[in-house]
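Student: Can you look at this prediction? I've put the sequence above it.
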Amino acid sequence: MIQLLVRREPRAWLQRAWSYVSDTTGLVELDRLKEEVHAKERSHEKALLSRAEALRVHDAAVASRSVTQAELSRLLQRKDSWDAEDVQRFTALLTRDYETRGDVEQSLEARGNAERDAEAAQRNYMRAVQASYQTELLFSKKISTLSLYGTSALIIVNTVIFVASTVLRSRSEAERLEAFRAAATDLTASADRVQAMLADKTPHYPKGSGGGGGGGSTDQASQTTPEPLDGVRGLLEGPVRDLLDDHRAVAWAGGVGAIAGALCVGLVALVRSR
């Protein structure tokens, strides 16, 4: 159960963060307007189909009445020669003409209503498209502004990191230079002391005698020489190690700046893709 909560917590946090970003940038409003445009489009198409059906019904009613009136006209032309069947037919045609006239009036009214509904649906659809277009323009401006601010912030952060790393590096190099100078001074002093010690410990033999003993003293003195040199070497290793650490710190700072830039660019690209 605890592992499930731990797994769900980052996902819930990401969902809340994305919801906040969507509300702030206007993505939610843009999605709502897109859905409204689709709904208005479907309503417009439905109204067009209804108008087409009303037109078809009205045309059929007009055609039926025209046929009835044509038959009445032909029947009235030979009114003097009617028989009982013609009288019945005339009565039926009058009844049909009355019915078709009512159908024509009803279909005409339905046609007018369908045309008005289609025009209203078209106006609503155009308004929804216009509102969506204006919202997309505002969203594009927001994205452009966000991209500009993000790029500016990234440039400022990289500049600050670069300047800070440069200042720290210059200061550390100045300190290392002072350490090297001090080490060189100590090395010179140590060399002078070694020479003085050798000069003091070297016995003065007459010419041509005691050469072997003098050689042994010289060897003993030369064995004492590496001690101050080792101290100088140890003194130099510390600044060199610190200098390498400074270079690593500068590399880490550059890497962090590059990652931050990549994250900003990725966020802007993700928002634009939406």
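Tutor: The structure has been received and is ready for your questions.
Student: what comes into contact with stretch 22-36?
Tutor: Where contact means CB atoms under 8 Å, 6 or more residues apart in numbering, the residues beyond stretch 22-36 that reach it are 21, 128, 131-132, 135-136, 138-139, 142-143, 146, 271, 274. Glycine gets a C-beta too; all of them are placed from N, C-alpha and C.
Student: can you pull the alpha-carbon coordinates of it into CSV?
Tutor: These are the backbone C-alpha positions of stretch 22-36, laid out as CSV (Å, rounded to 0.1, in the frame of the first residue of the first chain):
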residue,chain,number,x,y,z
SER,A,22,-2.7,24.7,-18.5
ASP,A,23,-4.9,27.1,-16.5
THR,A,24,-2.2,29.7,-16.5
THR,A,25,-1.3,29.6,-20.2
GLY,A,26,-5.0,29.2,-21.4
LEU,A,27,-4.8,25.6,-22.7
VAL,A,28,-8.0,24.6,-20.9
GLU,A,29,-9.9,27.5,-22.4
LEU,A,30,-8.5,26.7,-25.8
ASP,A,31,-9.6,23.1,-25.6
ARG,A,32,-13.0,24.2,-24.4
LEU,A,33,-13.4,26.5,-27.4
LYS,A,34,-12.2,23.7,-29.8
GLU,A,35,-14.9,21.4,-28.4
GLU,A,36,-17.5,24.2,-28.7
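Student: That one: which residues count as buried?
Tutor: Applying a neighbour-count criterion of 16 or more other CB atoms under 10 Å, the buried positions in stretch 22-36 are 22, 25-27, 29-30, 33, 36.
Student: can you tell me the average pLDDT over the helix or strand where L75 lies?
Tutor: Assignment of secondary structure by DSSP states H and E places L75 within helix 27-77. The average of the pLDDT scores along helix 27-77 is 90.
Student: Low-confidence bits of the stretch 101-250 of the chain, can you list those?
Tutor: In the prediction, the stretch 101-250 of the chain carries residues with pLDDT under 70 at positions 201-250.
Student: And A84, how far from F90?
Tutor: Noted for A84: a distance of 11 Å to F90, by CB to CB, to the nearest Å.
Student: same deal with E29?
Tutor: Relative to F90, E29 is positioned 68 Å away (CB to CB).
Student: Same question for D97.
Tutor: Using CB to CB, one gets 10 Å for the distance from D97 to F90.
Student: swap in E136?
Tutor: 67 Å.
Student: Then L137?
Tutor: In this view, L137 and F90 are 69 Å apart by CB to CB.
Student: If you count surrounding residues, which of these two has more?
Tutor: Between L137 and F90, counted using other CB atoms under 10 Å, F90 has the larger neighbour count: 16 against 10.
Student: Fine, thanks again, bye for now.
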